[in-house]
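**Q** Sharing a sequence plus its predicted fold:
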Amino acid sequence: MWPLVFPLLARKSRVDWLVMKPWTLSLALLLTPTSALAVTQPDGTLIPTAPGCNGGQPTGLAAVFACVCDTANVCNIGAPCPGGSTSCDDGQNATCETTLWHSPNDNSCIPSNMSGLDPQLDARITPETFQPTCPPTFRMVSRGTAMFKDIFGWYNATNPPTKPDVSDLHPMLKCTDGTGTVSPLDIQNDPNWKGGEVGFFLATPESHTQGGTCANGDCCASIGRINNGEGYVYYSQRAFNPDAQGANSQIHLLIYDSKIHDQKFYFAWEDIFGGQSNDFTDIVTSVEGVECSGGGVVCETGKPGVCAQGISKCDDTGALKCQQLFQPSAEVCDAVDNDCNGLVDDNATCPNDEVCLNGRCVGPCSSPEFPCTIGACDTATGLCVPAACVGKTCPSGQVCRDGSCVAPCDGIVCPRGQTCVNDACLALCDGVSCAPGQICLSGVCVDGCNSCSGAACKLPLKCNTNSGECLDPSCTPACGPGTYCDNGTCKDACDGAVCPGGVACVNGQCLVPGEGDGGVLIDAGGGTGGGLVDGSIGTGGGGDDAGTGATTVYQPGNNDSGCGCSTPAGRSAGRAGAALLALAMTLIGARKRRHAL
């Protein structure tokens, strides 16, 4: 006999449901059969209700999900198992969301065992809104035996939440679409999409005067009929439902996160005003290519270096987690903490006796070819430094400034688009070459917003599907060099900047005033203090410690790469004019092109 409470079905860990998202696996294995996780209607009814039997076949959501498989026209439902059998059909015919199988002498129609997606334990009423991460695909999973021919689609979610106007309801599955119908949406290029999260809706043809019947005898729903006052609209944001009554509102939608497909959710609906059967099989749809609310965007893991970068994901409970994108790797000279130990370029090696300076391999000052024209050469590091820092050994994570060991970047606020690394404002992506479909983020290559595995854009930014970058489209014409767009206004990238050495910020970069050829600071941390260098920009002038804060400015010659301060042969330095050379070269020269990690 079928158990009275659906969650008490025998549940078993099986291979077919272990083919799942890596970020849900560990939690899914910890799930235990307990009704405390289930969803109930305001009257306490457990939903969805237990499956039934029709024509010798099981009905209900479990049976629906058992037929959602990676192979067409296949279901993971085992054959009946008569009494006295020593083994039963395990029902495993493909990789499906759910698998049902019998035990000897159980109900011959309704299997007593289940694994995979559990209609009761995995049911959720959140998230209510979703973040598109790639072109969504809408699918009609099942229409059950419902009389109403409903339609399903999406709308733009707002913050704070407001009920969408009928004009913002965009159907993707029509009333005539049968089971298996697929409808893709190029949402990135859809003018109806406002660039943020979306919600989903169901529109029915139900009569307002005779509940449970089709308005005017027509059971086909449409937006036109909704505009004419025929039928109802139910939303993934249930507070907008026509029969909503606060905490006592009837639940019309159960949401399921796929166990075998990433970024895919199922929507199981009850389409009668006020509720009725609670089996949630009136219409079952799916949307692939979306993440939960708050998911799919750039986040920080709290770890150092490249290990800090992540993409937000939702676990089985709906809680947001920051999924780490990169694992530690050997340190290279690129101004990035590759091994995630909190130190940048420590123990990074360079070819041909070169030294690593702010992410670039440069000629050592100890070589006669690259003498220091100002300051003094610290032979231990191969860098030109103020005289007071020669031979100075600072603890790991500190730099030498005026002969004292200090925390790097203390008090420095770099212009927008640059990052303070070892007391220098660096454009970490300057010179980074990424593979097609990737963009540079904080010096490393990640999938762009135009990729399903990339990070979605946060409003007001919108994805440039050509470049994969998140851009603010509200500024027309586009903002010029040294500025950025912020809600329709071009703002100076130098706003709020506090440059190293106290120098001015001009055109989005910390510059050395009065230096026509773009003098470059080479003030460096001394000794073996974790590979940090103090890249503060000086104010020009002569002497070993010329400029504010005893920084040192090196004046490069036309073909001189001494101390790593000049443009390498064959590379143009005129991208923003000679006055911008210092920061355009990110405080260094003799630079070598970085490549995608």
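**A** Structure's in. What do you need?
**Q** show me the contacts for Cys96.
**A** By Cβ atoms under 8 Å, 6 or more residues apart in numbering, the contact list for Cys96 reads 16, 65-70, 74-76, 116, 260. Bear in mind the C-beta positions are built from the backbone N, C-alpha and C, glycine included.
**Q** got a winner among those for most neighbours?
**A** When neighbours are taken as other Cβ atoms under 10 Å, the top entry among those is Phe65 (30 neighbours).
**Q** so where's the stretch 1-150 of the chain uncertain?
**A** For the stretch 1-150 of the chain, applying pLDDT under 70 flags the ranges 1-37.
**Q** next one: the chain
**A** Applying pLDDT under 70 to the chain flags residues 1-37, 316-318, 374, 512-597.
**Q** The residue lying farthest from the centre of it in helix, strand or coil?
**A** When distances are taken from the C-alpha mean of the chain, Gly84 lies farthest, 53.1 Å away, according to Cα atoms, centre = their mean. Following DSSP: H, G, I helix; E, B strand; the rest coil, Gly84 is assigned to coil.
**Q** ok, now how distant is it from Ser108?
**A** With distances taken as Cβ to Cβ, to the nearest Å, Gly84 is found 14 Å from Ser108.
**Q** In space, what's closest to the residue farthest from the centre of the chain - neighbours in sequence excluded?
**A** The spatially closest residue to Gly84, leaving aside those adjacent along the chain, is Pro104, at 6.9 Å (Cβ to Cβ, 6 or more residues apart in numbering).
**Q** and the one you found, that one's in a helix?
**A** No: under three-state DSSP, Pro104 falls outside any helix and is assigned coil.
**Q** ok, residues contacting stretch 336-344?
**A** Counting by Cβ under 8 Å, 6+ apart, 303-308, 328-332, 335, 345, 359, 396-397, 421-422, 428, 442-444, 530-532, 597 sit against stretch 336-344.
**Q** Please disregard the earlier target; I meant stretch 217-235.
**A** So stretch 217-235 is in contact with 147-151, 155, 163-164, 166, 169, 171, 175-176, 199-208, 215-216, 241-243, 252-253, 269, 271, 273, going by Cβ under 8 Å, 6+ apart.
**Q** And that stretch, how far out from the chain middle?
**A** Relative to the centre of its chain, stretch 217-235 is centred 36 Å away, using Cα atoms, centre = their mean, to the nearest Å.
**Q** Which positions in it come out as buried?
**A** Under the neighbour-count criterion of 16 or more other Cβ atoms under 10 Å, stretch 217-235 has 219, 221-223, 225-226, 230-235 buried.
**Q** Dump those residues to CSV, plus distance to Leu461.
**A** Listed next are the buried residues of stretch 217-235 as CSV, based on distance: Cβ to Cβ, whole Å:
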residue, distance to Leu461
Cys219, 43
Ala221, 35
Ser222, 34
Ile223, 30
Arg225, 37
Ile226, 32
Glu230, 39
Gly231, 36
Tyr232, 35
Val233, 30
Tyr234, 31
Tyr235, 26
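**Q** Which residue ranges of the stretch 251-400 of the chain form strands?
**A** For the stretch 251-400 of the chain, applying DSSP state E, counting those that start in this stretch gives strands covering 253-257, 264-269, 283-292, 298-300, 309-314, 320-324, 355-357, 360-362, 376-378, 383-385, 399-401.
**Q** what's the answer for the stretch 401-550 of the chain, then?
**A** 404-406, 419-421, 424-426, 432-433, 438-441, 444-447, 462-463, 470-471, 483-486, 489-492, 505-506, 509-510, 520-521.
**Q** Also the stretch 51-200 of the chain?
**A** Under DSSP E, counting those that start in this stretch, the stretch 51-200 of the chain gives strands at 53-54, 57-58, 98-101, 113-116, 130-142, 151-156, 170-173, 182-184, 198-203.
**Q** tell me the angle of the fifth one relative to strand 198-203?
**A** With axes from the mean of the first three to the mean of the last three Cα atoms, to 10 degrees defining the directions, strand 130-142 sits at 30 degrees from strand 198-203.
**Q** which helices and strands does strand 130-142 pack with?
**A** Counting contacts by 3 or more Cβ pairs under 8 Å, 6 or more residues apart in numbering; DSSP states H and E, strand 130-142 is packed against strand 151-156, strand 170-173, strand 182-184, strand 198-203, strand 283-292.
**Q** Nearest to Ser467, out of the ones you listed?
**A** Closest to Ser467 of the helices and strands packed on strand 130-142 is strand 283-292 (Cβ to Cβ; 20.0 Å).
**Q** so what strands line up beside that closest one?
**A** Using DSSP bridges, the strands paired with strand 283-292 are strand 130-142 (antiparallel), strand 264-269 (antiparallel).
**Q** Return the most buried member of those.
**A** Counting by mean count of other Cβ atoms under 10 Å, strand 264-269 has the highest mean neighbour count of those, with a mean of 24.
**Q** and the angle for that strand with strand 309-314?
**A** Going by the same axes, to 10 degrees, strand 264-269 makes 20 degrees with strand 309-314.
**Q** Contacts for strand 264-269, please.
**A** Here strand 264-269 makes contact (Cβ under 8 Å, 6+ apart) with 48, 61, 64-65, 68, 97, 119, 130, 141, 150, 152, 200, 202, 234, 236, 252-258, 280-290, 292.
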